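[1] from the sequence below, what's the structure:
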Amino acid sequence: MGVVAGRSVTTGRLLSCGLVAGPLFVVTFLLQGASKGSGYDWTRHPVSSLALGDHGWLQTANFIVTGLLTVAFAVGLWRAGSRAGAVLIGVWGVGLVGAGMFVTDPVSGFPIGTPDALEYITVGALHDAFSVPAFVALAAAQVGLSRGRGWKWLTYSLLNATAFVVCFPLASTGFSQNASLVDVAGLFQLLAVIIGLTWTVLLAVRVLRH
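    Purely as a prediction, here's the structure:
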């Protein structure tokens, strides 16, 4: 999964998309979460729920634009020689695009007046069909791309992956209305997303420097 030296300007630009995708996604959904109102609680509800209700198109666009930037980053990784890593990051990017194209179903009482328990319809099921493999791919990327770049990066990546894979199932369990986790499920998902995207930014930094 190493990266070869002597890359083209195009490859450098594609890799730079990895510097933009994560911060864009996080800043956009944090701003939306702070201003959403109408019963949205970032500690309880998933990021995907921002696509529901007023101005939901903003989160839809956030998913799709971030996903396309991530796919471009994956292409840059491929061109730079990190083939297996490129595939995993590419799956993450495609998953984000798909999550934007197919809006999630209501959960945990948002929007107001909807049931707490998730009741799947086709579009919501497709949302999760893209989202779940994407999260798995990002976790695998953190482990797979931890090697060959020194012990500090190895340690950080493995600890990061551990935190990521702990937070994600806790969030999913909460969204399934587990009484002890339902009120903090959004927080655990938020942590998982920020942990994972911070890693992708740092990966882009490291690859661009070599």
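[2] name the helices or strands packed onto the helix or strand where T70 lies?
    According to DSSP states H and E, T70 maps onto helix 57-80. The helices and strands touching helix 57-80, judged by 3 or more CB pairs under 8 Å, 6 or more residues apart in numbering; DSSP states H and E, are helix 9-35, helix 83-101, helix 185-209. In this view, the C-beta of every residue, glycine as well, is placed from N, C-alpha and C.
[3] averaged pLDDT, the first one. What do you get?
    So the one you mean is helix 9-35. The predicted model gives helix 9-35 an average pLDDT of 95.
[4] what comes up buried for that helix?
    Buried residues in helix 9-35, counted by 16 or more other CB atoms under 10 Å: 11, 14-22, 24-26, 28-29, 32-33.
[5] equivalent analysis for the second one, please.
    Buried residues in helix 83-101, defined by neighbour count with 16+ other CB under 10 Å: 85-100.
[6] counting by contacts, list what it packs against.
    helix 9-35, helix 57-80, helix 122-144.
[7] with distance to F168 as extra columns, can I get those in JSON lines?
    Listed next are those as JSON lines, based on distance: least, CB to CB, whole Å:
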{"stretch": "helix 9-35", "distance to F168": "16"}
{"stretch": "helix 57-80", "distance to F168": "17"}
{"stretch": "helix 122-144", "distance to F168": "6"}
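[8] for R206, which of those helices is the nearest?
    helix 9-35 (10.1 Å; CB to CB).
[9] the residue nearest the centre of the chain - nearest residue in space that isn't next to it in sequence?
    What sits nearest the mean C-alpha location of the chain, by CA atoms, centre = their mean, is V193, with 5.0 Å. Once flanking residues are discounted, V193 sits nearest to V47: 6.3 Å by CB to CB, 6 or more residues apart in numbering.
[10] how deep is the one you found tucked in, by neighbour count?
    V47 has 26 neighbours, counted by other CB atoms under 10 Å.
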